[in-house]
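Asker: Okay, predicted coordinates and the sequence, questions at the end:
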Amino acid sequence: MSTPHQQTQPVFSPFSLDNDDLYKRWAESKLRDYPADIGDLVVEIDDPRRLSDSEFVALQQRCRKTNMALYASKTGTDPDPEIPLSIARRFNLVGLNKNWLADETGLTSLTVRDEGVRQHYIPYTNRAINWHTDGYYNTAHQQIRALNLHVVQRAEVGGENRLMDHEIAYIMLRERNPDYIHALMASDALTIPARIEDGKIARKQESGPVFSILPSGDLHMRYTIRVNNVIWASDSLTREALAYLEFILHDTSPYIYRGLLEPGMGLVSNNVLHDRAAFADSPERKRHYYRARFFDRLTGTSFTDL
Ligand SMILES: [Fe+2]
């Protein structure tokens, strides 16, 4: 029998199952005038390296509502790493997760690689990546709270992203059956087996909850829809909850945004659910995204700021 994730259960949070009144008030306010179109998330900005106060506020307001915002800047195919790094600084994101395949700046350049170690990992291919939040295989202490993307170049064909606010997924699950939330908060809900390389453990096995509550009272989600190399808790409630979550993500709901990001555009987010369609590059259009992962959330986007 699994146990709830005790470590991150503060009292004052709409995401706690013990606080139904607060949850109801928060959910009502959250869903009121919730943006129905991906265009509602887009803020036109001049240069992300010199974000004006009004541009920043417009981005932050959207993130407060939907945990994400898109910007459309005038930098086009300029590959300057300072573009995503400057945006991150404005949102007080300082804990950059430099994974072992990252560039020197700590950003990760997502492009198709035909050689070297990266070619063996899906992000560096042109294949589709199914629904997930970033860093679900990280340790409990290295969970990714914010995920930003900046587009230097898009693919010739394909490569669209779908996005869904993880708090909306939480609401849909809790409305269906609050016990689903209980099951997905269990400390052994999702286990990623160890990665073995050359007979040695390259990454330890990681078990943890899908939903957890941060010390701020905000919600964190750790999830992948993939079936290989993932061990789910086997009780029937967890299975039902997962089936319903998959149904939500496969549905044509107005809560799922879908779009193709053009050069100069980017995503600022509290690590929302996302996927990527397969794509095909051409010599003129070779897809290049910068990805930045942080241990912090975007500043001023807590539920208490709503
Ligand atoms: Fe991702």
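Answerer: Arrived safely. Numbering: from 1, shown residues only.
Asker: Please name the residues that touch the residue nearest in space to the middle of the chain.
Answerer: Taking C-alpha atoms, centre = their mean, the centroid of the chain lies closest to residue 271, which sits 2.5 Å from it. By C-beta atoms under 8 Å, 6 or more residues apart in numbering, the contact set of residue 271 is 133, 134, 135, 144, 145, 146, 147, 166, 220, 221, 293. C-beta here means a position set from N, CA and C on the backbone, and glycine is covered the same way.
Asker: Neighbour-wise, which one of those leads?
Answerer: residue 146 (28 neighbours; other C-beta atoms under 10 Å).
Asker: List the beta-bridge partners for the closest residue to that residue other than its chain neighbours.
Answerer: Spatial nearest neighbour of residue 146, excluding adjacent residues (C-beta to C-beta, 6 or more residues apart in numbering): residue 294 at 4.2 Å. The partner list for residue 294 in beta bridges (DSSP bridges) reads residue 96, residue 146.
Asker: Compute the distance between residue 294 and residue 271, please.
Answerer: Residue 294 sits 9 Å away from residue 271, taking C-beta to C-beta, to the nearest Å as the criterion.
Asker: Between the two, which contacts overlap?
Answerer: Both residue 294 and residue 271 are in contact with 144, 145, 146, 147, where contact means C-beta under 8 Å, 6+ apart.
Asker: so the last one sits right up against residue 291, yeah?
Answerer: So that's residue 147. Yes: using C-beta atoms under 8 Å, residue 147 makes contact with residue 291 at a distance of 7.3 Å.
Asker: what is in contact with those two at once?
Answerer: With C-beta under 8 Å, 6+ apart as the test, residue 147 and residue 291 both reach residue 134.
Asker: Farthest pair within the contacts of residue 271?
Answerer: Farthest-apart pair in the contacts of residue 271 is 166 and 293; separation 15.3 Å (C-beta to C-beta).
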